[in-house]
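Visitor: Generate a structure from the sequence data that follows.
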Amino acid sequence: MSWLLTAVVAVLTAHTLVNARWWLRRPPARPAPVTEPVVVLLPLRDEADRVEPCLRSLLAQRDVPGLRIVILDDGSTDGTTDVVRAVTAADPRVTLLTGAPLPPGWLGKPHACRQLAEAGAGDAEVLVFVDADVVLAPHAVAAAVTTLRASGAGLLTAYPRIVAGSGGERLVQPLLQWLWLTFLPLAAMERSARPSLAAAGGQFLLVDAETYRRCGGHAAVRDRVLEDIELARAVKRAGARIALADGSAIARCRMYSSWPEVRDGYSKSLWATFGSPLAAGAVLALLLTLYTAPPLVALAAALVGQTQLALAAAAAYLLGVAGRGVAASATGGRAWPDALAHPLSVGILGWLTLRSYHLRARHRLLWRGRPVN
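Guide: Got it, this is the predicted structure:
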């Protein structure tokens, strides 16, 4: 562990800080009323135990007089439809659909979103896709639409504050924001027309309706596990821009509620994040060298009296912890003491990635009872 590697970690942490302080968009705290028609689209599959807070937050939206809400039950078997009807039955803004059977060549989430967009578009000028585990503040839709229009982009992700309860969640979930704040140049991503330079999150995603039609919508990403990122790339290919915003002040999301859910949720998609196993191996080797190895090297070097090596490795560790803390603080997460376990978090990410490729090779990747490979 040389001072050169420590310098690399320092540069990456500085980049995290620059992104967080100067380039990360933040929706307005008090948005003006949105006058254009907006539709919120909510796909559901076996979400009876957690959808109610999401539904109530959608019904409580303010400053969007033209708001409509379209919900699709995608083959639930746990009473999800009953919960939706009980919560929304008296609200004329809500339309509840029953999903069609999954056609060949489609994955479940893109197919559900395609049906929602087709049924809900109408005269809407903005499509707002929301997941069942997201709870919005009363002004969230208005603030996000305002941010979309101010950015000039065709697609905006307003990343919610990630709620992490169990130890496994706290170790893994904060890596989502840390990764794109550390390694993705946000300003360049917004300016660049390159589809490869894209990030998006389907939990709270807004698309200009005309841009959605022009890029082919979810039909263009019908077989993609990471349909949100692929939709962002389709938007770029159609000539529009994309943008990211910190939505932690207007939305929260607990994606998973236990370690088994975290494990299986990441295993289903990490192979698609990295592409080829060779690329995954190279990226993981770099991440483990920069962030997981330093505390181990510092301890070993100190024990054998190699002071300079121990100092360099300890500095790399602390800089990595600082970067994790900056990312968490900027996105509404828990910075301390969780950031101190950053080397372990990166190590777990490596294991989850290996597990993802292993299960995919054996055609054992499932989500919500459906195969994803």
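Visitor: Which residues are in contact with residue 175?
Guide: Counting by CB atoms under 8 Å, 6 or more residues apart in numbering, residue 175 makes contact with 345-346, 349. For the C-beta atoms, the positions are set from N, CA and C on the backbone; glycine is no exception.
Visitor: From those, pick the one nearest residue 252.
Guide: Distance to residue 252 across those (CB to CB) is lowest for residue 345, with 20.6 Å.
Visitor: Most neighbours among the contacts of residue 175, which one is it?
Guide: Neighbour counts for the contacts of residue 175 (other CB atoms under 10 Å) peak at residue 346, which has 24 neighbours.
Visitor: What's the mean pLDDT across the helix or strand containing residue 114?
Guide: Using DSSP states H and E, residue 114 sits within helix 108-120. Throughout helix 108-120, pLDDT has a mean value of 95.
Visitor: Can you point out the buried residues in that helix?
Guide: For helix 108-120, a neighbour-count test (16 or more other CB atoms under 10 Å) marks 108-117, 120 as buried.
Visitor: again, but for stretch 144-161
Guide: So stretch 144-161, judged by 16+ other CB under 10 Å, has buried residues 144-149, 151, 153-161.
Visitor: got the contact list for residue 138?
Guide: 57, 60-62.
Visitor: Please pick the buried ones from those.
Guide: 57, 61.
Visitor: so which strand or helix has residue 16?
Guide: Going by DSSP H and E, residue 16 is in helix 3-18.
Visitor: typed the wrong thing, it's residue 354
Guide: Residue 354 belongs to helix 342-361, assigned by DSSP H and E.
Visitor: okay, that helix in PDB with CA atoms only?
Guide: Provided in PDB are the C-alpha atoms of helix 342-361 (Å, rounded to 0.1, in the frame of the first residue of the first chain):
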ATOM      1  CA  HIS A 342     -16.700   1.000   4.700                       C
ATOM      2  CA  PRO A 343     -14.000  -1.600   4.000                       C
ATOM      3  CA  LEU A 344     -16.400  -4.400   5.100                       C
ATOM      4  CA  SER A 345     -19.200  -2.900   2.900                       C
ATOM      5  CA  VAL A 346     -17.000  -3.000  -0.200                       C
ATOM      6  CA  GLY A 347     -15.900  -6.600   0.700                       C
ATOM      7  CA  ILE A 348     -19.600  -7.600   0.900                       C
ATOM      8  CA  LEU A 349     -20.300  -5.900  -2.400                       C
ATOM      9  CA  GLY A 350     -17.600  -8.100  -4.000                       C
ATOM     10  CA  TRP A 351     -19.100 -11.200  -2.500                       C
ATOM     11  CA  LEU A 352     -22.600 -10.300  -3.700                       C
ATOM     12  CA  THR A 353     -21.300  -9.700  -7.200                       C
ATOM     13  CA  LEU A 354     -19.600 -13.100  -7.300                       C
ATOM     14  CA  ARG A 355     -22.800 -14.700  -6.000                       C
ATOM     15  CA  SER A 356     -24.800 -12.800  -8.800                       C
ATOM     16  CA  TYR A 357     -22.600 -14.200 -11.500                       C
ATOM     17  CA  HIS A 358     -22.700 -17.700  -9.900                       C
ATOM     18  CA  LEU A 359     -26.500 -17.800  -9.800                       C
ATOM     19  CA  ARG A 360     -26.900 -16.400 -13.200                       C
ATOM     20  CA  ALA A 361     -24.600 -19.100 -14.700                       C
END
